[in-house]
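In: What follows is a predicted protein model with its sequence.
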Amino acid sequence: MERSGKAKEYFAQKCHCSQAVLASFADEFGITEEMALRLGACFGGGMRKGEVCGACTGALMALGLKYGMTAVGDTEQQLIADGYAKRFMTEFAKQNGSYLCRELLKCDLSNEEERQYAKEHGVIKAVCPKLIENAVILAEQMMKESE
């Protein structure tokens, strides 16, 4: 199964978008699915506040595993990772209209009434799988650049 399909399957099994994206990359970086699910656990729904989309944060964690510094003080590698993060966020927003959860869903999940509306009207199921797919594909494209 392709990575984006795997991520959408995680999401369909009730994982947060952040967990779904990061877990789809677990095998690539030698972390367990359990570890990826734990790492991504607090980032869904824009960190439960409608902020940065969890699919983005999952992808940024994967990009960090690929490009992040491995030694304290390795500012050169940190600048490389920062560049990928900035490019990812810019391109994700360009493709999807925003990188903020509340703007993407047109609902603020930090508001109980709006969160309930989103659940009752299938907003999350309708919107998030495509965002998850886009985040995975974009992160994959960026990771292939250095190969």
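Out: Nice, thanks for sending it over. Please read all numbers here as calculations on a predicted model, not as lab measurements.

In: Can you tell me the element the most centrally placed residue in the chain falls in?
Out: Centroid-nearest residue in the chain, with Cα atoms, centre = their mean: Ala55, separated by 2.3 Å. Assessed by DSSP states H and E, Ala55 sits inside helix 54-67.

In: chain center to that helix, what's the gap?
Out: 6 Å (Cα atoms, centre = their mean, to the nearest Å).

In: Pull out the buried residues from whichever helix or strand comes after it.
Out: Using DSSP H and E, the helix or strand that follows helix 54-67 in sequence is helix 75-96. By neighbour count on 16 or more other Cβ atoms under 10 Å, the buried set for helix 75-96 is Ile80, Ala81, Tyr84, Ala85, Phe88, Met89, Phe92, Ala93, Asn96. C-beta coordinates here come from the backbone N, C-alpha and C atoms, glycine included.

In: one step back: run the angle between the helix holding Ala55 and helix 75-96 for me.
Out: 150 degrees (axes from the mean of the first three to the mean of the last three Cα atoms, to 10 degrees).

In: that older thread, list the contacts of the residue nearest to the centre of the chain.
Out: Cys17, Ser18, Ala20, Val21, Cys128, Leu131, Ile132, Asn134, Ala135, Val136 (Cβ atoms under 8 Å, 6 or more residues apart in numbering).

In: ok, the nearest residue to it once chain neighbours are set aside - how many residues close by?
Out: Closest residue in space to Ala55, ignoring its immediate chain neighbours: Ala135 at 3.8 Å, by Cβ to Cβ, 6 or more residues apart in numbering. Using other Cβ atoms under 10 Å, Ala135 has 31 neighbouring residues.

In: Next, give phi and psi for Ala135.
Out: Phi and psi for Ala135, reported as degrees, to the nearest 10, are phi -60, psi -40.

In: same deal with the one 10 residues further on?
Out: Backbone torsions of Glu145, given as degrees, to the nearest 10, read phi -60, psi -30.

In: so how far is Ala139 from it?
Out: Distance, Glu145 to Ala139, using Cβ to Cβ, to the nearest Å: 11 Å.

In: And the two? Which one has more around it.
Out: Neighbour totals were compared for Glu145 and Ala139, and Ala139 leads with 29 against 8 (other Cβ under 10 Å).
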